[in-house]
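# Need a 3D model of the sequence below.
(one chain, ligands or ions: 2)
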Amino acid sequence: MKKQKSRSKKAVNRKARGFEEIDMRKTIQIEKIKSGIAGFDEMLRGGIPVGSLVVLSGSPGSGKTIFCLQFIYTGISKYNENCVLVLLEESKEEIFETGLEFGWDFEEFVKKKTLKVLTVNLYDFEILKNNIEDAIRSIDAKRLVIDPGVIFKLFFEKELDARKNIVALGKIIKKRKCTTIITNELSVEIGSSLYGLEEYVADGVVLLYHTRVKNKFIRSIAIVKMRNTQIMEQLKPLSITTSGIQVHIDSELFT
Ligand SMILES: Nc1ncnc2c1ncn2[C@@H]1O[C@H](COP(=O)(O)OP(=O)(O)O)[C@@H](O)[C@H]1O
Ligand SMILES: [Mg+2]
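Ligands and ions are numbered 1, 2, ... in the order given. Coordinates of the predicted model:
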């Protein structure tokens, strides 16, 4: 009993001494992809671990769609990584217009077949899942965005069914090393969780805040969870400009 106690104490000490070193090595070994959002990749010590499924949550207008579009735009234009974008049928034109506001021409990518857009009608999830897999395979996509993630809720009445199917989709993503962002609209009326997706399936959870402080709104970002990498744990201020989203990692949120 005594022996065991001293051994575990030693282990704790070792961990405390070597923590930075050991973790850095682990961090470097893991392959990462750049989101393209200045500051955000630094918060993750270089980027999102390849093949992760990340849930991006925030209130309406918090910047989720812009974040996703920047992730796709960077992937295609800077890293030659093809992308798949899954949308609700009615939002396609709107989203492409949003892109143009930032100088990101997604129509062009579609023509060049570096981007595949799937629009979702309400039918069978199995079909959607197969379509996503086919789309990923057909262009060997390295990035996938599903915006809004509430698409999932529309398919299932039961939480368990939704989760099973999302787990299945997660497996496809992992197999193909396709890094994925699924957005989640936080709103008081609908309830905030995507059927427990964040807790059970997601490798990462990122929150975008658009909060009122006195007479103005302030934007910020937090990484709540990201498997296989160290993360910067503070909330950091974020701005949206005509060149996209930028995270100010050297600033404190409230000064
Ligand atoms: N060119 C721009 N410059 C600054 N802010 C912008 C610009 N375009 C959009 N925004 C901001 O981004 C918000 C929309 O972001 P969006 O990604 O659509 O939010 P969400 O998808 O979370 O609902 C707008 O409400 C506006 O505040
Ligand atoms: Mg949106």
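# residue contacts, residue 239?
By CB atoms under 8 Å, 6 or more residues apart in numbering, the residues touching residue 239 are 219, 245-246, 248. Placement of C-beta: from N, CA and C, glycine included.
# make it 10 Å
39, 63, 218-220, 245-248 (CB atoms under 10 Å, 6 or more residues apart in numbering).
# What's the per-residue pLDDT of it here?
Confidence at residue 239, expressed as pLDDT, is 97.
# Okay, and it sits in which element?
strand 236-241 (DSSP states H and E).
# right, and the helix or strand after that strand?
Immediately after strand 236-241, counting by DSSP H and E, sits strand 244-247.
# just checking, what packs against that following strand?
Helices and strands touching strand 244-247, by 3 or more CB pairs under 10 Å, 6 or more residues apart in numbering; DSSP states H and E, are helix 40-43, helix 64-79, strand 216-226, strand 236-241.
# again, 6 Å this time
Applying 3 or more CB pairs under 6 Å, 6 or more residues apart in numbering; DSSP states H and E, we find strand 244-247 packed against helix 64-79, strand 236-241.
# anything in the last one near ligand 2?
No. Remark: strand 236-241 sits outside contact range of ligand 2, by CB under 5 Å from the ion, the gap being at least 12.5 Å.
# Likewise for the first one?
Yes. Helix 64-79 reaches ligand 2 (CB under 5 Å from the ion) through 64-65.
# next structured bit after that helix?
By DSSP H and E, the next helix or strand past helix 64-79 is strand 83-88.
# what angle sits between that following strand and helix 64-79?
Put simply, strand 83-88 runs at 160 degrees to helix 64-79, going by axes from the mean of the first three to the mean of the last three CA atoms, to 10 degrees.
# when you give positions from now on, start the count at 9
Fine by me, first position is 9 from now on; the one you just mentioned is strand 91-96.
# what's the most buried one of the helices and strands packed on strand 252-255?
Most buried of the helices and strands packed on strand 252-255, by mean neighbour count (mean count of other CB atoms under 10 Å): helix 72-87, with a mean of 22.
# Distance of the residue nearest to residue 55 when sequence neighbours are not counted relative to ligand 2?
With CB to CB, 6 or more residues apart in numbering as the criterion, residue 55 has its nearest non-adjacent residue at 3.5 Å, and that residue is residue 40. Applying CB to the ion, to the nearest Å, the value for residue 40 to ligand 2 is 25 Å.
# Any idea what residue 40 is bridged to?
Judged by DSSP bridges, the bridge partners of residue 40 are residue 57.
# shaky segments in this protein?
Where the chain drops to pLDDT under 70, the residues are 9-36, 130-131, 196-207, 263.
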